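[1] Turn this into a structure:
(2 chains)
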There are 2 protein chains.
Amino acid sequence: MAQVDLALIHYPVLNKNKEIIGAAVTNLDIHDIARAGRTYGVGSFYIVTPYEDQQQLVQEIVSHWRSGYGATYNSDRKEALGGVHVCTDLQALYEQIAVDGKRPVVLATSAQSSECTMWTYSQVKERINQGERILVLFGTAWGLASEVMAEVDAVLPPISGGGDYNHLSVRSAVSIVLDRLLSVDRG
Amino acid sequence: MAQVDLALIHYPVLNKNKEIIGAAVTNLDIHDIARAGRTYGVGSFYIVTPYEDQQQLVQEIVSHWRSGYGATYNSDRKEALGGVHVCTDLQALYEQIAVDGKRPVVLATSAQSSECTMWTYSQVKERINQGERILVLFGTAWGLASEVMAEVDAVLPPISGGGDYNHLSVRSAVSIVLDRLLSVDRG
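    The predicted structure follows:
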């Protein structure tokens, strides 16, 4: 049984000028990533934002689908959003999910090649299959700030479609990464 | 050089009660699928809807990013949306993209197993690598109506994450299908 969690980081991330910003929560990020996570057997999906109004917004969206009218209207969505949790910052998340004081293996994702330690998708898949606990971080806006990258255990390779265009939505990137790491049969 | 086009069908598709409906265009479908298409070298991305107001909406969104303020603000988005076209119905699309009266191989996608001819992702990838022209259809709402499925050459297998939950967003499904069919290195 795979033990993979996801976190979508809204601060600290980069804007198009590579400055550190806090990004707003996007409704469809929550839905699409929760649905993909549920499809591939992900445990928890953490929405990380320090802004209280944004945390409140996520709670309202999630409540609508978990216990409000949405839960009756679409029980599949209720099931997917059951794994969504809000968290203030990464440090709090690392502490929250530590077992015996030890955090899981934390992987960052990036559309750029980086100088950090890189593990291939096959290598990570093997670790997952051996029962290792993994947390994969995704950045909103123009990606994770370098201070986040500096604290992870390794970075997954950028997703390449063969060309030089590397501007997938985070919703697409999460879906592809999950398929590469967790699909049973891609043939 | 792969010759793959995509079409996102808004009519005829199914609602949750499996009745035929026309679905509304979703802004983020256009963006996410255009970006994924551009990443994986897709030729054209057709938005298929018979409703004139919806066709107009798509044209306005696309114009904003191709030649309006959006083109200056984000040239990567301009590039992605360059491949987006609007089409009234599938019959018109098949005629429009026919070469010497022959349409490309048309593949449907579905979250359900179907009784139609099924080709694996590897089989389709091999055809693509042999230079065959392929058009892949994706349904909005609860998926393509059976009258669409009946006219395609084959169906791709449902995307499975190992469990029984099969409610990916169409944005996620397109991204995963493109990665399976067109990625150079998934390791």
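[2] C-alpha from now on. contacts and neighbour counts both.
    Noted.
[3] show me the contacts for A:Gly187.
    Taking CA atoms under 8 Å, 6 or more residues apart in numbering or on different chains, we find A:Gly187 in contact with B:120-122, B:180.
[4] Now, these that are in helices?
    B:121-122, B:180 (DSSP state H).
[5] and these, which are buried?
    B:121, B:180 (16 or more other CA atoms under 10 Å in any protein chain shown).
[6] Which ones among the ones in helices among the contacts of A:Gly187 also lie next to chain A?
    Contacts with chain A within the ones in helices among the contacts of A:Gly187, counted by CA under 8 Å from any CA of the partner chain: B:121-122, B:180.
[7] Including pLDDT, could those residues go into a markdown table?
    Converted to a markdown table, these look like this (pLDDT from 0 to 100):
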| residue | pLDDT |
| --- | --- |
| B:Tyr121 | 97 |
| B:Ser122 | 96 |
| B:Arg180 | 97 |
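[8] surely A:Thr49 meets A:His10?
    Yes. Between A:Thr49 and A:His10 there is a contact at 5.3 Å, judged by CA atoms under 8 Å.
[9] What parts of chain A come near chain B?
    So chain A meets chain B at A:32, A:35-36, A:38-41, A:76, A:120-122, A:160-169, A:171-173, A:175-176, A:179-180, A:182-187 (CA under 8 Å from any CA).
[10] Could you give me the PyMOL selection string for whichever of the residues you listed are buried?
    To isolate the buried members of these in PyMOL, using 16+ other CA under 10 Å:
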select buried, chain A and resi 32+35+36+38+39+40+41+76+120+121+160+161+165+166+167+168+169+171+172+173+175+176+179+180+182+183+186
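[11] So which of the residues of chain A next to chain B belong to helices?
    A:32, A:35-36, A:38-39, A:76, A:121-122, A:171-173, A:175-176, A:179-180, A:182.
[12] farthest pair in these?
    Based on CA to CA, the longest span within these runs between A:Asp76 and A:Ser122 and measures 30.5 Å.
[13] Where do the strands of chain A begin and end?
    A:3-9, A:13-14, A:20-21, A:45-48, A:84-87, A:105-108, A:133-139, A:154-155 (DSSP state E).
[14] mind putting these in TSV, mean neighbour count and distance to A:Glu60 included?
    Shown next, in TSV, are the strands of chain A (neighbours: other CA atoms under 10 Å in any protein chain shown; distance: least, CA to CA, whole Å):
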stretch	mean neighbour count	distance to A:Glu60
strand A:3-9	23	18
strand A:13-14	22	24
strand A:20-21	16	24
strand A:45-48	24	13
strand A:84-87	19	11
strand A:105-108	20	28
strand A:133-139	22	22
strand A:154-155	22	32
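[15] rewinding a little: can I get the contacts of A:Gly187 in JSON lines including distance to A:Ile97?
    Converted to JSON lines, the contacts of A:Gly187 look like this (distance: CA to CA, whole Å):
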{"residue": "B:Thr120", "distance to A:Ile97": "39"}
{"residue": "B:Tyr121", "distance to A:Ile97": "37"}
{"residue": "B:Ser122", "distance to A:Ile97": "38"}
{"residue": "B:Arg180", "distance to A:Ile97": "32"}
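[16] Pick the one among the residues you listed closest to A:Gly143.
    B:Arg180 (24.0 Å).
[17] Surely that closest one is in contact with B:Tyr121?
    Yes. B:Arg180 is in contact with B:Tyr121 according to CA under 8 Å; the separation is 6.5 Å.
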